[in-house]
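**Student:** fold the stuff below for me.
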Amino acid sequence: MGTVLTLIGAPVKADGAAAVTRAGAIDVVRQALDAAGHTVGDVTILQDGVAADIAVAGSDVAGVRDTAEAALADAGLPVDAAAQPDGPDRRRRLLVSDMDSTIITCECIDELADYAGVKAEVAAVTERAMRGDLDFAAALIARVATLAGLPEGVLARAFSERVRLMPGARTLVATMRAHDARAVLVSGGFTYFTARVAALCGFDDNRANRLEVAGHRLTGQVIPPILGADAKVAALDHYAGLWSGGTGGALAVGDGANDLPMILRAGLGVAYHAKPKVATAAPVRINHGDLTALLYLQGYHRDTFIAAED
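**Tutor:** Residues are numbered from 1 along each chain as shown. Prediction:
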């Protein structure tokens, strides 16, 4: 079985500029693969200017990816390169996604902390936790403690004023579900937000941490158990058993250190605009494309997307 290398650039801009074909990324990569001794086959355009598949003989997935990434970096091209075994099971039957900074553009706890006047301090801890420099549970408990006394209504305010979907989020979920896949949101954030974001995007289910509220105010406590990296893996295993015939049929995506174990366990694991530790360890990393990149990774052509406003 061969390897398929997918090149993905940022979505086409209003002026028509697109990195993949305009800047000759396909030619750059083909030449590099040839020079490295790989046998290059057909090229399939998934969206003109934005995404293309390149067939490569053999099973040296990591070697193909590394060669392509190095060539693109040397050429200064803002294009992602993802390699994976080619085959009939390339389209995944389950999407398991992180929420904060993956499906939405913000970290909800940082935005809540802003209403408490401590955003800078909390955001610094969030950054370190997502990089894997701090214990996730301990960092979460410490950050939530800073929210004690905030009125419960601040949750609705944060959702309305601060939460925005990542470009491509609705299209990703709608397209996969239209092709008989299921989708689950699994977050180290909070159920107040995952329930609403899941409804906006069409996820089948969601899991997250629960904030304690008493007397219509946040107590500064998280209701146990805390959902961290191990719980994300457990969720992946659970839903994969229900809907995708095992983890091999699942796609997992996230950006933080607490996402890495589920990314590594899934059949297709993607680090999306991720922290360095996660991007380095993940088999696939998307640094330039939006969330529709996850559809191109599965071989979807642009004309099969279910268009949805994000």
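
**Student:** count of neighbours near Leu150?
**Tutor:** Using other CB atoms under 10 Å, Leu150 has 21 neighbouring residues. Quick note: C-beta positions are derived from backbone N, CA and C, even for glycine.

**Student:** which residues touch it?
**Tutor:** For Leu150, the contacting residues are 112, 115-116, 217-218, taking CB atoms under 8 Å, 6 or more residues apart in numbering as the criterion.

**Student:** what do you get if the cut-off is 10 Å, keeping everything else the same?
**Tutor:** Leu150 makes contact with 112-113, 115-116, 157-158, 211, 213, 217-220, according to CB atoms under 10 Å, 6 or more residues apart in numbering.

**Student:** any of those residues buried? List them.
**Tutor:** 112-113, 115-116, 158, 211, 213, 217-220 (16 or more other CB atoms under 10 Å).

**Student:** inside strands: which ones of those?
**Tutor:** Judged by DSSP state E, the subset of the buried ones among the contacts of Leu150 located in strands is 211, 213, 217-220.

**Student:** quick one: the strands in the stretch 1-150 of the chain?
**Tutor:** 3-9, 40-47, 51-56, 79-85, 94-97 (DSSP state E, counting those that start in this stretch).

**Student:** pairing partners for the second one, with directions?
**Tutor:** When pairs are called by DSSP bridges, strand 40-47 turns out to pair with strand 51-56 (antiparallel).

**Student:** wait, which of the buried ones among the contacts of Leu150 is closest to Lys275?
**Tutor:** Distance from Lys275 was checked for each of the buried ones among the contacts of Leu150 by CB to CB. The minimum falls on Ala113, at 19.4 Å.

**Student:** outline the domain layout of the chain.
**Tutor:** Following automatic domain parsing, one finds the domains of the chain at 1-87, 91-310.

**Student:** and those, which one's lowest on average pLDDT?
**Tutor:** Here the lowest mean pLDDT among these goes to domain 1-87, at a mean of 89.

**Student:** and that one, how far out from the chain middle?
**Tutor:** Taking CA atoms, centre = their mean, to the nearest Å, the mean C-alpha location of domain 1-87 is offset from the chain mean by 20 Å.

**Student:** over to stretch 119-138?
**Tutor:** The gap between the average C-alpha position of stretch 119-138 and the chain average comes to 19 Å, counting by CA atoms, centre = their mean.

**Student:** show me where the stretch 201-310 of the chain has strands.
**Tutor:** Listed in chain order, the strands found in the stretch 201-310 of the chain under DSSP E, counting those that start in this stretch are 205-214, 217-223, 250-254, 268-272, 284-286.

**Student:** which elements pack onto the shortest one?
**Tutor:** This points to strand 284-286. Based on contacts counted as 3 or more CB pairs under 10 Å, 6 or more residues apart in numbering; DSSP states H and E, the elements that strand 284-286 packs against are helix 61-75, strand 79-85, strand 250-254, strand 268-272, helix 276-281, helix 293-297.

**Student:** tilt between the third one and strand 268-272?
**Tutor:** Interaxial angle, strand 250-254 versus strand 268-272 (axes from the mean of the first three to the mean of the last three CA atoms, to 10 degrees): 20 degrees.

**Student:** can you report phi and psi for the residue of the chain most remote from its centre?
**Tutor:** Note on the chain: the largest C-alpha distance from the chain mean falls to Gly215, namely 36.4 Å (CA atoms, centre = their mean). When read as degrees, to the nearest 10, the backbone of Gly215 gives phi 60, psi 30.

**Student:** right, and it touches Glu152 too?
**Tutor:** Yes - in terms of CB atoms under 10 Å, Gly215 counts as a neighbour of Glu152; the distance is 8.8 Å.
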